[in-house]
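Visitor: Predicted coordinates and the sequence they were generated for:
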Amino acid sequence: MLNPGVQPLLLVIIVAWIGLPYLIAFLGGWRKLAVHYRWNGEPVAKQWFRWRSASMNFTHYGSSLNIGTSERGLFLKPILIAAIGHPPLFIPWQDITVTETKRVFIPVTELSFLKEPRVKVTLTRGLASRVLACRPGTSSFSR
């Protein structure tokens, strides 16, 4: 039997562990993208960039995203520990707009999406060039 003083603390920890990822997904825009781009199958990507970082609106996913590419589109899937509230996404290439910009003098690439244009995913230029190399009309995958 647990000490009665520990039970409320345990409840707070459990609620935070489950609720915080949903809040992050909501604030960052992942939930909005999931309305249109949720992927229910197993991602069939030709190339994976695992444990990568990206920003989505007000949130930052530091080394917690797996980004997959295929000829058809882009997969976004958080690592297992960050997956609560973040269903896998598949976004067709034709729905993605690419913009080169700077964040605090650092060159980055922003991806925006046809069905949810207010949500932007920001990648470093180096990662973006490798990820975007799979789009139709580009040469081939590059590492």
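Guide: Sure, I can see it.

Visitor: hey, what's the residue nearest to the spatial centre of the chain bridged with?
Guide: The C-alpha lying nearest the average C-alpha coordinate of the chain belongs to Leu76 (C-alpha atoms, centre = their mean; 4.8 Å). Taking DSSP bridges, one obtains Ile67, Leu89 as the residues bridged to Leu76.

Visitor: which helix is the longest one in this structure?
Guide: Looking across the chain with DSSP state H, the single longest helix is helix 6-28.

Visitor: ok, residues contacting it?
Guide: The contact list for helix 6-28, computed with C-beta atoms under 8 Å, 6 or more residues apart in numbering, reads 2, 30-31, 34, 56-59, 82-86, 119. (Glycine included, C-beta is placed from N, CA and C.)

Visitor: Give me the buried positions along that helix.
Guide: By 16 or more other C-beta atoms under 10 Å, the buried positions in helix 6-28 come out as Pro21, Ile24, Ala25, Gly28.

Visitor: What's the mean pLDDT across stretch 63-80?
Guide: What stretch 63-80 shows for mean pLDDT is 94.

Visitor: picking that back up, specify which member of the buried residues of helix 6-28 is nearest to Leu111.
Guide: In terms of C-beta to C-beta, no member of these lies closer to Leu111 than Gly28, at 13.5 Å.

Visitor: a strand runs through Leu111, doesn't it?
Guide: Yes: if the criterion is DSSP: H, G, I helix; E, B strand; the rest coil, then Leu111 is within a strand.

Visitor: For it, give the beta-bridge partners.
Guide: For Leu111, the beta-bridge assignment (DSSP bridges) gives partners Val98, Val121.
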